[in-house]
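1. Sequence and predicted model, in that order:
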Amino acid sequence: MPKLDGSVENIVFRNEDNHYTVARFRLNSSGRLFRDDLTTIVGTLPGVHPGELLTVEGEWEHDPRYGKQLRVVSFVQRLPSTTEGMIRYLSSGLIKGIGPKKAKLIVEHFGEQTLAILEQMPERLSEVRGLGVKDRQQIVKTWIEQGEIKELHLFLQSHDVSINVATRIYKHYGQDSIRVIRENPYQLVQEVEGIGFRMADEIALKLGMPVDSEPRLAVGLKYVLTQAANEDGHCFLHERELVTRGAEMLHVSAEAIMAVLEQMRHDPDIFTEVDSEGEPCIYYAPFWYAESGAARLLRILQQSPDTLPPAPETLWERVFERLKERRILLTEKQRLAVQTAYTQKVSILTGGPGTGKTTSIRALLMFLRSRRVDFALAAPTGRAAKRLSEATGMQGTPYAAKTLHRLLEYTPHDNSYQRNEEHPLPYQFVIVDEFSMVDILLFYHLLKALPRTAHLLLVGDADQLPSVGPGNVLRDLLRSEDVPSIRLTELFRQAQQSKIIVNAHRINGGLLPSTRIEARSDFFFMAEEDPVRAQKLILDLVQRRLPARYGFHPLTDIQVLSPMYRGAVGVHLLNEKLQERLNTSALAEVGWGEKLFRVGDKVMQTRNNYDKGVFNGDVGWIRSINRDTSTVKVEFVEEAGPLFVSYAFHELEELVLAYAVTVHKSQGSEYPAIIVPLFREHRMLLQRNLLYTAITRAKRFCVLVGQPTALELAVQNDRVIQRNTALMERLRRLRQGVEHVQ
Ligand SMILES: Nc1ncnc2c1ncn2[C@@H]1O[C@H](COP(=O)(O)OP(=O)(O)OP(=O)(O)O)[C@@H](O)[C@H]1O
């Protein structure tokens, strides 16, 4: 039976009831220059539309009126592509020199036939005005080079899948890619990094998969659990909650969800435990392993002997004396904290800003060095690690603090840690600062990498916002009372002179900050009822007033921290306006989707990109934009020095402007000066620990701008959003011997 490859030129006739279709078909092998060199195909061709690429199989017949035509017996649709998808594909950066503008010109000119033209008659590209010879050559060259992968690209571009992810899919499945996508796109969620449930779901539904199919609901429920972890910090969901959330998100009945859950009882990705009230708690595997593993390893660590040399009192006194010479007389509590860290395998040092945590670490380090103990300093982010090194005087030494990822020798390509049970860290003592930011997954990996003989000191402020990732580790450990902890509360004289610190403590204690203006004050509240006027005020403060009055540099010293994204004083608009004012005449700029980036812009990475070695919340500066190679170069400041990272234009979705950032994203960073808008429209976010976290980001200057009532609301609201975690209960069960470590 003859088999023809080609494209549908137009539909001559279609019976919508039985899909009987007569179409003009352009054969791939046809003389490319002649427009009327077409074949007629007839048959039942549901869902086939002009511009589409098809393979048809059938029998030739001779119609007395229309002449020779192929009666189609079977046909295969190549993957469908929308005009939007074609524009995205052409401008994705894969074809050098073609950006969104030129891509649009091409697709506007050829419309739905674009694909067919590129495939069959690329010489017709010369009809497009504004497209040079070089552009045409590049397109044709890339089209040929790309072989079958372009078809996958084209299809996926219609679904917002980036070129990188499409390439990853192709690497994983090769020629089977399209078959897998057609049969079960949900498979990709598990097997290809970068394909999320939503993307797979959109593709699946478009390809006609039913909403209540078992693979959809099973993967969908895992997605609900992951979302609950990423967005609300939950390690698990109660069954009731999972059913409600699942039914709502997947648009199916609660019964359908219950039925799938029942079938999933033996799914190795799902763990069910019953809590003390008899309610089933459902875990997605990574969080279950992390939580139960962390509890178990912590217990083992606590129970194992150490290898530290003895610590006679005289030696401690010598260290305390040396500090005294520097006018630092450690308080009883600070001494206790330092000595507890040395005598206990695992301990916690907590307290607000200026209560002497870092000074205590310094004392401990002096002691460890005098006893020749191998130690490592670490923090969850590069910014926090840099600050810890500076504050302890360790920068530039072999003891400089590292990020936890670097300490644990994280390897991006396979998303694993080289330091683990088989290959533990070579230290007797590990100190982690800013521990409130550490989530249960990272804590688990840290514990896995610690030799059993090691000591661990966790330092952090439990009143800060909890980690971005799941769990509430610091608070859970403190509540469990299973790990010895020292809480520092005394504010030192130096710290008392800072109204930022004093007010942070007031707010933490539920009191309104003192806003009396004094000479050399570093904390201000500027009352403004109207958000639009407040926006103008903030812009003026950044651009003119703070630089003129206090000498702050608008770009490098001042950070705007907003509780939310939307509205006149939300992160989005403030960024747009600040860019407009602070970075007007850039050498080069590139528009990408809704965004505009310029050389000199301050930008933030918005997801963990292990390939590039940059993480969610990292801030950098755009140093160059190259149109020929379609790339942007960004400089990030890392604890080990500057890091230059290249982004293809299509990867710009990972960056946002960072003149203004959310309070959540600012965790672990400090800035010379901050400005925080506070309005009742941010009601949901007016929380004490959020305001406290914002204010403690300021090193030298803090201005709150907004409604006095919004400030009151934030201070009063000490309701900390609950996170579902069971670390504390697990530790209790291990302690009581209800559960065993091995
Ligand atoms: N025992 C002490 N005697 C005198 N001054 C002290 C003492 N402990 C700390 N300080 C001083 O108090 C100030 C705050 O201390 P430190 O930086 O250690 O606090 P912190 O809790 O680490 O604060 P932050 O979380 O803001 O970094 C510093 O100026 C420090 O020199």
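-> Arrived safely.

2. what is the nearest residue to residue 375 once chain neighbours are set aside paired to in the beta sheet?
-> Using Cβ to Cβ, 6 or more residues apart in numbering and skipping the chain neighbours, the partner closest in space to residue 375 is residue 429 (3.9 Å). Where C-beta positions appear, they are placed from N, C-alpha and C, glycine not excepted. Counting by DSSP bridges, residue 429 is bridged to residue 375, residue 455.

3. and residue 429, what does it touch?
-> 308, 368, 373, 374, 375, 376, 454, 455, 456, 457 (Cβ atoms under 8 Å, 6 or more residues apart in numbering).

4. Just the buried subset of those residues, written out for ChimeraX, thanks.
-> In ChimeraX syntax, the buried subset of the contacts of residue 429 is picked out as below (16 or more other Cβ atoms under 10 Å):
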select :308,368,373,375,376,454,455,456,457
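
5. Just give me the closest of the contacts of residue 429 to residue 545.
-> When those are ranked by distance to residue 545 (Cβ to Cβ), residue 457 comes first, at 42.4 Å.

6. secondary structure element for that closest one?
-> strand 455-460 (DSSP states H and E).

7. what about residue 201, distance to residue 84?
-> Relative to residue 84, residue 201 is positioned 19 Å away (Cβ to Cβ, to the nearest Å).

8. So which of these two has more stuff around it?
-> residue 201 (21 against 12; other Cβ atoms under 10 Å).

9. What's the mean pLDDT across the helix or strand hosting that one?
-> In the assignment (DSSP H and E), residue 201 maps to helix 197-206. What helix 197-206 shows for mean pLDDT is 84.

10. do stretch 289-301 as well
-> 97.

11. Relative to the whole chain's centre, how far out is it?
-> The chain centroid and the centroid of stretch 289-301 are separated by 26 Å under Cα atoms, centre = their mean, to the nearest Å.

12. mind listing the helices for the stretch 201-350 of the chain?
-> With DSSP state H, counting those that start in this stretch as the criterion, the stretch 201-350 of the chain has helices at 214-232, 239-250, 254-263, 285-303, 313-325, 332-343.

13. Excluding sequence neighbours, find me the nearest residue to the one residue in the stretch 501-650 of the chain that gets nearest to the ligand.
-> Distances between the stretch 501-650 of the chain and the ligand by Cβ to the nearest ligand atom are smallest at residue 501, namely 7.0 Å. Nearest non-adjacent residue to residue 501, counting by Cβ to Cβ, 6+ apart: residue 354, 4.2 Å away.

14. can you tell me the helix or strand for the one you found?
-> Short version, using DSSP H and E: residue 354 is in no helix or strand.

15. so what's it up against?
-> 491, 492, 494, 495, 496, 498, 501.

16. what's near enough to touch the nearest residue to residue 52 once chain neighbours are set aside?
-> With Cβ to Cβ, 6+ apart as the criterion, residue 52 has its nearest non-adjacent residue at 5.0 Å, and that residue is residue 8. Shown in contact with residue 8 (Cβ under 8 Å, 6+ apart): 23, 24, 25, 26, 48, 49, 50, 51, 52, 54, 116.

17. pLDDT of the helix or strand encompassing residue 8, averaged?
-> Using DSSP H and E, residue 8 maps to strand 3-14. The predicted model assigns strand 3-14 a mean pLDDT of 85.

18. Now the element after it, going C-ward?
-> Trace forward from strand 3-14 with DSSP H and E and the next one is strand 20-27.

19. Tell me which residues of that next one come out buried.
-> 21, 22, 23, 24, 25, 26.

20. Now list the buried members of the contacts of residue 354.
-> Buried positions within the contacts of residue 354, assessed by neighbour count (16+ other Cβ under 10 Å), are 491, 495, 498, 501.

21. Would you pull up the residue in the stretch 601-742 of the chain closest to the ligand?
-> residue 696 (6.8 Å).
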